[in-house]
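[1] only geometry, no sequence info:
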Ligand code: NDP
Ligand code: OXD
């Protein structure tokens with residue numbers, strides 16, 4: 001059985017991982033495969049496949065997304081219907097995301113924003129140290145990555161809360177579920193970490209009205225997708241000081257346009273969609289296990305519910 005591959009960046013590390021975890025399978029690189037071969041390929045491993053990627057894939061049995069988010073794949077104009085789509089669950093990303101989120105929370109908690117500003121002005125002044133209880137951290141999205149952030153933050157003693165679609169019971173975490181509980185959740189977040197998938201239900205979730213529900217001087221860390229947040233409203237609130245700080249990894253338009261005000265904003269630190277990357281080793285091991293399960297007629301891990309959008 002063969003695989004068709006189109007990867008984020010250089011295919012070499014992916015090919016190496018495929019050789020380790022699925023040595024018996026022949027791998028074809030998309031763009032270098034003839035039509036007769038394409039018609040026989042059962043499994044595609046993709047990241048943001050081009051518009052004509054699925055042309056001629058008449059024998060496709062499953063599509064494996066080489067990342068956690070499937071928002072781009074689900075809007076592919078030629079996505080085959082009735083073929084399971086499977087995403088990566090963690091795949092090395094949870095630990096990376098948790099490190100990144102911890103950096104953002106400590107930046108706020110230990111006043112590194114104030115300190116950096118003071119340094120620019122040669123001001124020697126101690127901003128003081130708050131109790132952890134004074135920095136309430138809320139996580140939007142309690143999936144593979146949101147839960148990783150919670151476990152990372154747990155030993156620091158910050159009051160933790162989380163919001164998801166279905167109610168989760170997580171020890172030591174105040175949990176909320178569903179749209180009706182979102183205002184109550186937001187009102188408790190001194191630092192809000194966004195780790196939701198982008199779906200029809202979550203697009204623009206952090207609208208101007210919802211951003212206004214955060215406590216005065218709250219901070220935002222968006223690690224998920226730019227379109228979850230109204231960027232103009234975010235900018236207004238940062239400009240007015242209603243929001244203290246934003247750590248942003250994702251944007252409506254990527255790469256972020258050169259003239260975007262976020263680049264030089266004194267209350268923003270931004271990174272180029274670099275908070276976490278799928279690691280080829282664990283990701284391909286997960287896909288190998290999923291293909292083996294699929295061929296035995298057993299359930300796979302990370303199957304996407306197309307109607308739900310994640
Ligand atoms: P999961 O599918 O494991 O978790 C998603 C969480 O969001 C679940 O808790 C789910 O609720 C919740 N959720 C989904 N829709 C809603 C809704 N309408 N209302 C309330 N809660 C909702 O995803 P991951 O943790 O693996 O990944 C999250 C996202 O992170 C990805 O979709 C991707 O966009 C982004 N990402 C960004 C990266 C980057 O480099 N910046 C890297 C990797 C991922 P429930 O538990 O009830 O299902
Ligand atoms: C992902 C991403 O969704 O890297 O995996 O953004």
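    That came through fine. The structure displayed is predicted, hence computed values, not measured ones. Numbering: from 1, shown residues only. Ligands and ions are numbered 1, 2, ... in the order given.
[2] residues contacting residue 12?
    By Cβ atoms under 8 Å, 6 or more residues apart in numbering, the contact set of residue 12 is empty. In short, each C-beta sits where N, CA and C put it, glycine included.
[3] could you do residue 79 as well?
    54, 63, 73, 85.
[4] what about whichever residue of the stretch 1-150 of the chain sits closest to ligand 1, distance to residue 13?
    Closest to ligand 1 within the stretch 1-150 of the chain is residue 143: 1.7 Å, counting by Cβ to the nearest ligand atom. Residue 143 is 25 Å from residue 13, where distance means Cβ to Cβ, to the nearest Å.
[5] the stretch 51-200 of the chain: strands as residue ranges?
    62-65, 85-86, 137-140, 160-164, 173-177, 191-194 (DSSP state E, counting those that start in this stretch).
[6] to residue 100, which of those strands lies closest?
    With Cβ to Cβ, the closest approach to residue 100 among the strands of the stretch 51-200 of the chain belongs to strand 191-194: 9.6 Å.
[7] and that closest one, what does it pack against?
    helix 93-109, strand 137-140, strand 218-222 (3 or more Cβ pairs under 8 Å, 6 or more residues apart in numbering; DSSP states H and E).
[8] one more time with 10 Å, if that's ok
    Here strand 191-194 touches helix 93-109, strand 137-140, helix 144-153, strand 160-164, strand 218-222, strand 243-248, going by 3 or more Cβ pairs under 10 Å, 6 or more residues apart in numbering; DSSP states H and E.
[9] tell me, how many neighbours does the closest residue to residue 177 other than its chain neighbours end up with?
    With Cβ to Cβ, 6 or more residues apart in numbering as the criterion, residue 177 has its nearest non-adjacent residue at 3.9 Å, and that residue is residue 167. Look at residue 167: counted by other Cβ atoms under 10 Å, it has 12 neighbours.
[10] can you tell me how far residue 116 is from residue 266?
    Counting by Cβ to Cβ, the gap from residue 116 to residue 266 is 9 Å.
[11] buried sites along the helix or strand that residue 281 is a member of?
    In this structure, residue 281 sits in helix 280-295 according to DSSP states H and E. Under the neighbour-count criterion of 16 or more other Cβ atoms under 10 Å, helix 280-295 has 280-288, 290-291, 294 buried.
[12] circling back: neighbour count: residue 143 and residue 13, which is higher?
    residue 143 (19 against 14).
[13] now for the closest residue to the more buried one other than its chain neighbours: which residues touch it?
    Among residues not flanking residue 143 along the chain, residue 195 sits closest, at 7.0 Å (Cβ to Cβ, 6+ apart). Counting by Cβ atoms under 10 Å, 6 or more residues apart in numbering, residue 195 makes contact with 68, 94, 97, 101, 139-149, 162, 221-225, 228, 275.
[14] centroid-nearest residue for the protein?
    Nearest to the geometric centre of the chain sits residue 224, at 3.5 Å (Cα atoms, centre = their mean).
[15] kindly state the pLDDT recorded for that residue?
    Reading off the confidence values, residue 224 has pLDDT 98.
[16] you'd agree it is up against residue 251?
    No. Residue 224 lies out of contact with residue 251 (Cβ atoms under 10 Å); the separation is 11.4 Å.
[17] from residue 279, how far off is the closest residue to ligand 1 within the stretch 201-310 of the chain?
    Across the stretch 201-310 of the chain, the shortest distance to ligand 1 (Cβ to the nearest ligand atom) belongs to residue 201, at 3.7 Å. For residue 201, the distance to residue 279 equals 29 Å [Cβ to Cβ].
[18] same question, residue 243
    33 Å.
[19] sorry, back to before: take the helices and strands packed on strand 191-194 and write them to CSV, including mean neighbour count.
    Output for those, formatted as CSV (neighbours: other Cβ atoms under 10 Å):
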stretch, mean neighbour count
helix 93-109, 20
strand 137-140, 28
helix 144-153, 22
strand 160-164, 22
strand 218-222, 25
strand 243-248, 23
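[20] could you dump the ones you listed into CSV and include distance to residue 26?
    Shown next, in CSV, are the helices and strands packed on strand 191-194 (distance: least, Cβ to Cβ, whole Å):
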stretch, distance to residue 26
helix 93-109, 28
strand 137-140, 42
helix 144-153, 30
strand 160-164, 40
strand 218-222, 40
strand 243-248, 41
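[21] of the ones you listed, which is nearest ligand 2?
    That would be, of these and by Cβ to the nearest ligand atom, helix 93-109, which comes in at 6.3 Å.
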